[in-house]
Each structure stands twice: as C-alpha cells, then as structure tokens.
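K.L.:
compute the structure for the input listed below.
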Amino acid sequence: MRLLHLALALALIAAPAAQAQDTPQKMLDLARQLRAQAAQMKDSLPPEDVADLLRQAEEIEQGVRDGGYSAPVAVEPPSLAKRIADAHGGRLDWLAHEVACVGYAWENYRTFVSNYGDPERDRLCRVAYGHYANYFLTARDGAGSAKTDPLLAAYDQAAQAAVDYYAKR
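P.N.:
Next up, the predicted model:
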C-alpha cells in the first residue's frame, strides 16, 4: 500500500499546474493533496494507511519549514544535438536546407558530382556530409553522446564553413 501512496505522490508532483511553481510551493501543494486524499479515502482505507498519508504530509510540510526544498534544482544544459536542432528549425541535418550544398546529402556525398564549377565548394560540402554520415551511423549503432557529440560538432562546424564560403562568393 505504501508503494501506491508513493506512486500517487510522484504523480502529484508532476502535475502540470504545479510545474509552474517553485519547489517549496510544489511540496506544500503535494502535502495539501495528500491531506485531501486522506480525508476523501478515510472510509475506504485502513486507519494506518490514512495515518501514513497524514504523516507523509506532515513530513513534507516540516521539510518546507526547514528549508529542505529551497535548494535550486540543477538544470542540465541542453545536449549538443538539441542546441543544433534549436538553432536550425529542429533539424540536425540543417545543411540540406541551405543552397550552399544543393544536391548533396549524407547518403550521396561520396558519389555526387555537382555542376557548380567550384572545387572548394564541393570539397566543403563533402567534408560536412562526411562528418554527418559518421555521426548518423555512429548514433544509429547505439553509441552515446560521448562518441557522437564530437562527430556532430565537426559536422556543424564544417557545414557552417560551407555556408560561409558560399555567402562570400
């Protein structure tokens, strides 16, 4: 029965309305909800379970009074993939939407022959898509961010170099 109470408590913490508030207020809301649930289920739960709900509410309220929930929550910085996607309309393969490397893709960068007449532009596009292909295949094979982030960063840097080169022409 205690697991049911814990599951309920965790579900209440995640309530969308409570997420807009600070942590101590969330915890006070949780304590209030535990008290309300204890009162509501008073007739259907054994007295020790009702007492357990009330005890949990009291512990939470005491924790708030003691400042136990006042510590700032560490915010994990967004991943490299998220930062790149956010900067480019939700796409990691953002070079595909740039005119600098029209026709190129990570699937064909080795065999595609452009008619740009600019060997440096072709080289930059091939390098960028070579990095993206390495990133994609490594991520697909289940490698974690420790292995994929350097590949994705290399793609982003090379793609930007291709776009910058094209813009200067």
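
K.L.:
quick one: average pLDDT of stretch 147-160?
P.N.:
Looking at stretch 147-160 alone, the average pLDDT works out to 96.

K.L.:
buried stuff in that stretch?
P.N.:
Of the residues in stretch 147-160, those scored as buried under the neighbour-count criterion (16 or more other C-beta atoms under 10 Å) are 148-149, 151-152, 154-156, 158-160. All C-beta atoms are positioned from the backbone trio N, CA, C, and that covers glycine.

K.L.:
these: which two are farthest apart?
P.N.:
Spatial extent of the buried residues of stretch 147-160 (C-beta to C-beta) is set by the pair Thr148 and Gln160 at 18.3 Å.

K.L.:
after the helix or strand bottoming out on mean pLDDT in the chain, next one along is what?
P.N.:
Within the chain, confidence by mean pLDDT, DSSP states H and E is lowest for helix 16-19 among all helices and strands, at a mean of 40. The C-terminal neighbour of helix 16-19 among helices and strands, as given by DSSP states H and E, is helix 23-40.

K.L.:
what's the mean pLDDT across that following helix?
P.N.:
For helix 23-40, mean pLDDT rounds to 88.

K.L.:
which secondary structure element contains Asp49?
P.N.:
Remark: Asp49 resides in helix 47-65, with elements defined by DSSP H and E.

K.L.:
what residue ranges in the chain score low on pLDDT?
P.N.:
Screening the chain residue by residue with the criterion pLDDT under 70, one finds the ranges 1-21, 72-73.

K.L.:
what's the longest helix in it?
P.N.:
Longest helix of the chain, by residue count under DSSP state H: helix 145-168.

K.L.:
how far does that helix sit from the chain's center?
P.N.:
21 Å (C-alpha atoms, centre = their mean, to the nearest Å).

K.L.:
which strands or helices does it pack on?
P.N.:
In this structure, helix 145-168 makes packing contacts with helix 80-87, helix 119-140, judged by 3 or more C-beta pairs under 8 Å, 6 or more residues apart in numbering; DSSP states H and E.
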